[in-house]
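Chemist: I'll drop the sequence and a predicted model, then ask my questions.
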Amino acid sequence: MTSDHLTAILAERVMGWGVGPDRFLLGQRRWLARWRFQPATRLEDAFRLLKHAAPQKFTMATADTGVFSVKVCIGGKVGEAQDKSNARAITLAVARALGIKMD
């Protein structure tokens, strides 16, 4: 699954946005260009996603090797991810907690 496809799924399921070909539909005739919401690459957007996912619990840590680890619990389901990118680790952990298959 591409980052763009994963972002579209998360925008719909977590943020509650509609998904168009080049934009997210926020409601009330408002929209956001797709390039403006990239949680897998922008840390600010990853934290926005995490906030909207409303986890009951989350932990974050960085290893000496520079790998960032995230563990989130959303709706009783746990998602974990490790990556050199903080934003990508957060995004993947949220997706895994929601049961999104990323084959």
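Modeler: Received, thanks.
Chemist: hey, let's count contacts and neighbours off CA atoms from now on
Modeler: Will do.
Chemist: Which positions within stretch 27-39 qualify as buried?
Modeler: Buried residues in stretch 27-39, counted by 16 or more other C-alpha atoms under 10 Å: 31, 34, 37, 38, 39.
Chemist: typo on my end, it should be stretch 52-72
Modeler: 53, 55, 58, 68, 69, 70, 71, 72.
Chemist: returning to that earlier point: would you turn the buried residues of stretch 27-39 into TSV with secondary structure, distance to residue 64 and pLDDT?
Modeler: Below are these laid out as TSV (DSSP: H, G, I helix; E, B strand; the rest coil; distance: C-alpha to C-alpha, whole Å; pLDDT from 0 to 100):
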residue	secondary structure	distance to residue 64	pLDDT
31	strand	41	95
34	helix	34	95
37	coil	30	97
38	coil	27	97
39	coil	24	97
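Chemist: hmm, back to that, biggest separation within the buried residues of stretch 52-72, which pair?
Modeler: 53 and 68 (19.5 Å; C-alpha to C-alpha).
Chemist: Give the next helix or strand downstream of the helix or strand where residue 45 lies.
Modeler: Following DSSP states H and E, one finds residue 45 within helix 43-53. Per DSSP H and E, the first helix or strand lying C-terminal to helix 43-53 is strand 57-62.
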